[in-house]
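Engineer: Need the 3D shape of this:
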Amino acid sequence: MDNGKISVRYARALFQTTQEQHCEEAVYDGLTRFAHNYLLAIAQFNEVLADPIVAKEEKVRLLEMAIGEPLHDTLKQFIAFVVDQKREDKMFFIAMKYLEMYRAKHHILSTQVTTATELPETTYDKIKAFIKQTFDADAEIDVKIDPSLIGGFILDIENTRMDASVAGQLNALRNKLK
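Structural biologist: Below is the predicted model of the structure:
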C-alpha cells in the first residue's frame, strides 16, 4: 500500500475521532507544531523512525516531543497506535493529510507572505480581510522575510501567487525590454 493511501486512511480515522471527541482544534494545533518541527529536522526524524532497533516507546516519545505541549490525549493515543502498527515513518504524511482535512472543513487557506522586511500587524490584518472577502475563507499566514525582494511582498494563497514585490516588478520590466 502506498504512502498516500495509508496517510489518508489514518488521517481520516484521526479526523473522525477528533470530531466525535470535540478536540479537532487541539489536535490540529499539535500536528501543525509537529509538521513544522519535522521539517526542521527531517533527516534525523527519518533515521530514528526507520530504525527497527529503536524501541517503540522511544519512537512514541520522539513523536510526542516533536509535537510539544500541550499534547491532547487523543493525539497521544493516536501516536501510540501508529507506532504500534509500525506506521511511524508515515506520521508526517498523516499529519499533513489531517491538516488538509481540517483546513477544508473550516474554510482556512494556507497562505505565505514573503516580504523584504517585517510588516506591521495591521498589514497582516488587511491581508486576512482581503482573503476573507475574495475567497470567503480565513487565512493561516506563514511569514517569511527575504531582503532580496527589495520592497513590497509576495502573497502565496494555496496555488495562487500574487507578486507585488519591487524585485518582481524589476524582473517583469527586464523581461519586457528583452
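Engineer: C-alpha from now on. contacts and neighbour counts both.
Structural biologist: Noted.
Engineer: List the buried residues for the helix or strand of the chain with the lowest mean pLDDT?
Structural biologist: Among the secondary structure pieces of the chain, namely its helices and strands, helix 42-50 has the lowest mean (mean pLDDT, DSSP states H and E), a mean of 81. Using 16 or more other CA atoms under 10 Å as the burial criterion, the residues of helix 42-50 that qualify are Phe45, Val48, Leu49.
Engineer: Tell me if Asp142 really is in a strand.
Structural biologist: Yes - Asp142: assigned to a strand according to DSSP: H, G, I helix; E, B strand; the rest coil.
Engineer: Skipping its backbone neighbours, what lies nearest it in space?
Structural biologist: Ranked by CA to CA, 6 or more residues apart in numbering and with sequence neighbours excluded, the top spatial neighbour of Asp142 is Gln112, at 4.7 Å.
Engineer: Report the secondary structure element holding the one you found.
Structural biologist: Using DSSP states H and E, Gln112 maps to strand 108-115.
Engineer: so where is this protein shaky, pLDDT-wise?
Structural biologist: Per-residue confidence for the chain (pLDDT under 70) gives these ranges: 1-3.
Engineer: For it, which segments count as helices?
Structural biologist: If you assign secondary structure with DSSP state H, the helices in the chain sit at 3-20, 24-40, 42-50, 56-67, 73-84, 91-105, 121-135, 166-177.
Engineer: Mind putting those helices into a markdown table with distance to Phe153?
Structural biologist: Putting the helices of the chain into a markdown table (distance: least, CA to CA, whole Å) gives the following:
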| stretch | distance to Phe153 |
| --- | --- |
| helix 3-20 | 34 |
| helix 24-40 | 23 |
| helix 42-50 | 29 |
| helix 56-67 | 31 |
| helix 73-84 | 36 |
| helix 91-105 | 24 |
| helix 121-135 | 11 |
| helix 166-177 | 8 |
